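Visitor: task: produce atomic coordinates for the following.
(one chain, ligands or ions: 1)
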Amino acid sequence: MSIAAKKLDSYWMPFTANRDFKNKPRVISGASGHYYTTEDGSKLYDTLSGLWTTGAGHCHPKIVEAVQKQVETLDYCVTFQMTNNKAIELAERVTNLAPEGLNHCFFTNSGSESVDTALKIALGYHRAKGEGNRTRLIGRESGYHGVNFGGMSVGGMVNNRKTFSANLIPGVDHMRHTLNIEKNAFTRGLPHHGIELADDLEQLCSLHGGNNIAAVIVEPVAGSIGVYPPPIGYLKRLREICDQHGILLIFDEVIAAFGRLGAPFAAQRLEVIPDIITTAKGLSNGVIPIGAVLVRDTIYEAFMQGPESMVELFHGYTYSGHPVAAAAGIAALDVYEEEGTFEQALSIEQHFEDLLHSFKDQKNVIDVRNFGLMGAIEIAPRDGAPGARGGEMHKKCFWEANVVVRNVMDVLCFSPFFNSKPDEMEKSFLKIRHVLDSIE
Ligand code: PXG
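Guide: A predicted model of the protein is given here:
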């Protein structure tokens with residue numbers, strides 16, 4: 001083990017090839033605006049704005065100040081049978097931005113917790129209405145809903161599931177994913193082919209009886225798997241089938257909410273309103289971990305029955321509505337409003353799309369996809385070594401070009417800052433182009 005690796009040995013890194021990284025670590029110790037800085041003082045341009053988290057830029061002074069102030073005013077406060085002013089304020093602010101009818105907000109600390117909370121709320125809702133037979137949950141192949149048991153079970157990422165396959169929660173089915181490179185390659189925005197894939201839900205209703213299904217969960221634009229925008233009409237069709245069978249529709253907007261699609265929520269941009277929305281990441285601009293689950297009035301009201309002194313939902317986290325996290329959330333929403341962040345996001349979409357699609361004729365590129373400020377360039381896998389080219393791209397960009405680029409196997413994912421500067425985006429894509437050229 002190298003000296004560098006020994007120093008990092010006690011730290012088990014998430015979703016990382018630990019031994020490989022630790023043999024040659026490069027550690028981030030600061031960030032500002034659109035750049036990270038390393039321990040040795042290099043500046044790296046961040047094409048993923050955190051991990052789809054930090055759309056308004058790193059270390060935004062207003063959010064930093066709000067956190068500093070809150071931590072010396074009220075550091076922690078129990079939110080079971082009592083609460084704090086910041087949690088109340090944030091719930092109101094978030095629901096004011098939400099689509100009509102989704103007026104209730106349950107706090108979590110992460111996207112994974114938001115998803116498991118949403119699934120539990122869906123099951124509890126049907127039971128409260130006397131439809132306890134509705135227990136089945138439907139997800140989608142290639143979906144990512146975090147790493148807790150519920151989210152992993154409805155998710156469809158093979159590597160995340162295979163070690164735990166015998167222990168996934170029962171009663172879950174998956175629809176097919178919507179990527180179709182053969183028909184939709186290099187589509188700008190929503191693809192034209194694939195609406196019929198929504199009928200997978202109808203088939204599952206025929207198989208199980210629609211009245212046994214509790215909820216369907218999808219990412220409105222699949223993110224982690226490598227950006228799969230929904231085919232035109234697909235989400236609307238899902239909504240219709242859910243309505244026909246009394247199934248709850250959950251949008252997992254952990255990536256898409258708070259400006260990524262140029263609107264507070266993907267539901268608004270895509271004009272399909274679900275019954276539950278899960279969020280995290282952008283809620284605090286990534287500054288302090290916090291997530292929120294938004295639910296329709298009818299769902300909340302179904303729980304608010306029986307004796308008033310009874311706990312209605314036996315669920316919650318020690319840090320649900322943490323005052324410092326909530327203060328970060330309020331400050332982030334202030335920034336989004338004052339700086340017109342969502343409008344900024346909309347205004348750079350076209351430039352981002354053009355830059356991405358300028359890779360169309362580049363060596364090894366087999367698809368480019370984008371919607372809002374979510375984009376992907378898919379590279380052909382090397383014979384017998386899927387993921388190798390993508391991995392090399394990430395490493396070379398990180399080490400040699402000082403650009404942080406995220407790869408999922410052979411797909412490069414991009415999630416630019418909402419206030420990206422056009423010339424900096426251009427420069428970073430030029431560097432990526434050179435790296436791509438250098439890879440066999
Ligand atoms: N749902 C969605 C749609 C997500 O994108 C989660 C749930 C889980 O959130 P937490 O906060 O528990 O991580 C996510 C997270 C990637 C990548 O490479 C994306 C996520 C996580 C890890 C990697 O794109 N998104």
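Visitor: tell me the phi and psi of the residue of the chain found nearest the ligand?
Guide: Across the chain, no residue is closer to the ligand than G111, which sits at 2.1 Å (C-beta to the nearest ligand atom). Backbone N, C-alpha and C define where each C-beta goes, glycine included. Main-chain dihedrals, G111, degrees, to the nearest 10: phi -70, psi -40.
Visitor: how about the contacts made by it?
Guide: The contact partners of G111, by C-beta atoms under 8 Å, 6 or more residues apart in numbering, come to 145-146, 151, 252, 254, 278-281, 291.
Visitor: so can I have CSV of those residues showing distance to F352, pLDDT and neighbour count?
Guide: Formatted as CSV, these follow (distance: C-beta to C-beta, whole Å; pLDDT from 0 to 100; neighbours: other C-beta atoms under 10 Å):
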residue, distance to F352, pLDDT, neighbour count
H145, 26, 98, 31
G146, 26, 98, 24
G151, 29, 98, 29
D252, 23, 99, 32
V254, 21, 98, 29
T278, 25, 99, 31
T279, 22, 99, 28
A280, 23, 98, 29
K281, 19, 98, 29
G291, 26, 98, 28
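Visitor: quick one: which of those residues sit in strands?
Guide: 252, 278-279, 291 (DSSP state E).
Visitor: what does the stretch 1-150 of the chain put close to the ligand?
Guide: The stretch 1-150 of the chain comes close to the ligand at residues 51, 110-112, 115, 144-146, as judged by C-beta under 6 Å from any ligand atom.
Visitor: returning to what we had before: measure the residue of the chain closest to the ligand to A325 for me?
Guide: Between G111 and A325 the distance is 14 Å, computed by C-beta to C-beta, to the nearest Å.
Visitor: same question for Q362.
Guide: Relative to A325, Q362 is positioned 41 Å away (criterion: C-beta to C-beta).
Visitor: now swap in G50 and tell me
Guide: 16 Å.
Visitor: of the two, which one has the most company?
Guide: Neighbours were counted for G50 and for A325 using other C-beta atoms under 10 Å; A325 has more, 25 against 20.
Visitor: Three-state assignment for the more buried one, please.
Guide: Look at A325: counting by DSSP: H, G, I helix; E, B strand; the rest coil, its state is helix.
Visitor: next, the distance between the ends of stretch 165-183.
Guide: Terminal residues of stretch 165-183 are spaced 32 Å apart (C-alpha to C-alpha, to the nearest Å).
Visitor: how many residues are close by P386?
Guide: Neighbour number of P386 under other C-beta under 10 Å is 12.
Visitor: show me what contacts it?
Guide: Contacts of P386 (C-beta under 8 Å, 6+ apart): 409-410.
Visitor: tell me the pLDDT of it.
Guide: Looking at P386, its pLDDT is 96.
Visitor: which residue packs closest to R188, ignoring adjacent ones?
Guide: Residue nearest to R188 in three dimensions, not counting chain neighbours: E353, with 5.6 Å by C-beta to C-beta, 6 or more residues apart in numbering.
Visitor: buried stuff in the one helix or strand the one you found maps to?
Guide: Using DSSP states H and E, E353 falls within helix 341-357. Burial within helix 341-357, assessed by neighbour count using 16 or more other C-beta atoms under 10 Å, is assigned to 341-342, 344-346, 348-349, 352-353, 355-357.
Visitor: and which of these is nearest P422?
Guide: I348 (7.2 Å; C-beta to C-beta).
Visitor: which residue is the nearest non-sequential neighbour of that closest one?
Guide: S420 (5.7 Å).
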